[in-house]
Structure formats: C-alpha cells, structure tokens
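Asker: sequence? don't have it. structure:
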C-alpha cells in the first residue's frame, strides 16, 4: 500500500521528468534550426534589375571535402567520420580520389549535428532528428512538424495534470 503509493508517485515524477526532457529537446531542435536558417535582411532590399535571359542560374554552394568542412565547424575530421558512421552525415565519395565530399544537404546535416552536440545531445538522439529533416526535404517543411510536436507535448502535459489530479483525489479518499 505505502510501497504502491511510492511507486505510483515515482512513475508520475518520471513521466513529468520525461515530458520536461522532451520539451528541452524540442527547444534545442528549434534553436539549432534557427541557427541554421539564414537571417532575414534587416531592411527591405531595393528592387533588383531584371536579369538578362542568358544569365546563369544561381549556383549551388560548392561541395566541401572533410578537412575544410571540419575547419568551418571548428571540429576535427575524425568527428565527421564518427558522425558518418552514426548515420548523421552522408557524404558522397569522389570517384577519382575516394575522398568524402559534402554537398549542401550533407553540410546542413553536419551543421545541425554540431549544434545539437553542442547542446549536449547524444548521437543516438540526434540521428532521428536529422532523418526527419532529410525526410521533410530540408528545414522549411519541418515547421509543421514542430508545431505538431508542440501540440502533442501540450496535450500530454494536460493529460498528465489531469491524471495526477485523479490520483490525488483517489489517495485523499483512501486516507
């Protein structure tokens, strides 16, 4: 009886701790995504003159090899290799040299992994988040998923409060 009450209280506490951790994870993901999203310009830009019809389209960023990307992130190349092994980044291989080549998506994934690692998240916690970014096709489509995540956490929190109130009422009736 007392042992059961303590066990129930511990379960409630653990559930609340997990909810808090889930909220922290969501905030970290949002913060990391904000850090990856280019800032909007402060003032509206002046209208640009139309480009000539034969103008080349804007080129995608140049792919990076492991050393320059590691330097850009302030980490060691070995860290990128470890992240690759964990599935966080997926560089392609140069056909001639076999070197790792990080395209725009792989650089995005490395930057996101770096931000989340700096936030203290483990590789196994980061992998599903990066997979979600890949599945969504980038950062922008994740806004809806983040909104839904907020909604699910709020609903879970309210359900936990209602459950705790019911448990309290039950324990009070039992004396």
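Answerer: Good, I have the coordinates. These numbers were taken from a predicted model, which means no experiment stands behind them.
Asker: just after the top helix by length along the chain, pick out the following helix or strand.
Answerer: As assigned by DSSP state H, the longest helix anywhere in the chain is helix 2-36. Next helix or strand after helix 2-36 toward the C-terminus (DSSP states H and E): strand 64-65.
Asker: how far away from the center of its chain is that following strand?
Answerer: With Cα atoms, centre = their mean, to the nearest Å as the basis, strand 64-65 stands 23 Å off its chain's centre.
Asker: who does it pair up with?
Answerer: Applying DSSP bridges, strand 64-65 is found paired with strand 100-102 (antiparallel).
Asker: and the longest helix of the chain, what other elements does it pack with?
Answerer: Counting contacts by 3 or more Cβ pairs under 8 Å, 6 or more residues apart in numbering; DSSP states H and E, helix 2-36 is packed against helix 104-118, helix 142-174. From N, CA and C alone the C-beta is placed, and that goes for glycine too.
Asker: contacts only, for the residue most central in space within the chain.
Answerer: Centroid check for the chain by Cα atoms, centre = their mean gives residue 29 as the closest residue, at 3.7 Å. Contacts for residue 29 (Cβ atoms under 8 Å, 6 or more residues apart in numbering) come out as 116, 129, 146.
Asker: again, only using 7 Å
Answerer: With contacts defined as Cβ atoms under 7 Å, 6 or more residues apart in numbering, residue 29 is in contact with residue 129.
Asker: okay, the angle between the longest helix of the chain and helix 142-174?
Answerer: For helix 2-36 against helix 142-174, the angle by axes from the mean of the first three to the mean of the last three Cα atoms, to 10 degrees is 160 degrees.
Asker: the inter-axis angle of helix 2-36 versus helix 104-118?
Answerer: Using the same axes, to 10 degrees: helix 2-36 against helix 104-118 is 130 degrees.
Asker: show the average pLDDT along helix 2-36.
Answerer: Averaging pLDDT along helix 2-36 gives 84.
Asker: now do the SS call for residue 96.
Answerer: The local conformation at residue 96, judged by DSSP: H, G, I helix; E, B strand; the rest coil, is coil.
Asker: what's the pLDDT at it?
Answerer: Value listed for residue 96 in the pLDDT field: 95.
Asker: before we move on, the earlier item: which of the helices and strands packed on helix 2-36 is buried the deepest?
Answerer: Of the helices and strands packed on helix 2-36, the one with the most neighbours on average (mean count of other Cβ atoms under 10 Å) is helix 104-118, at a mean of 20.
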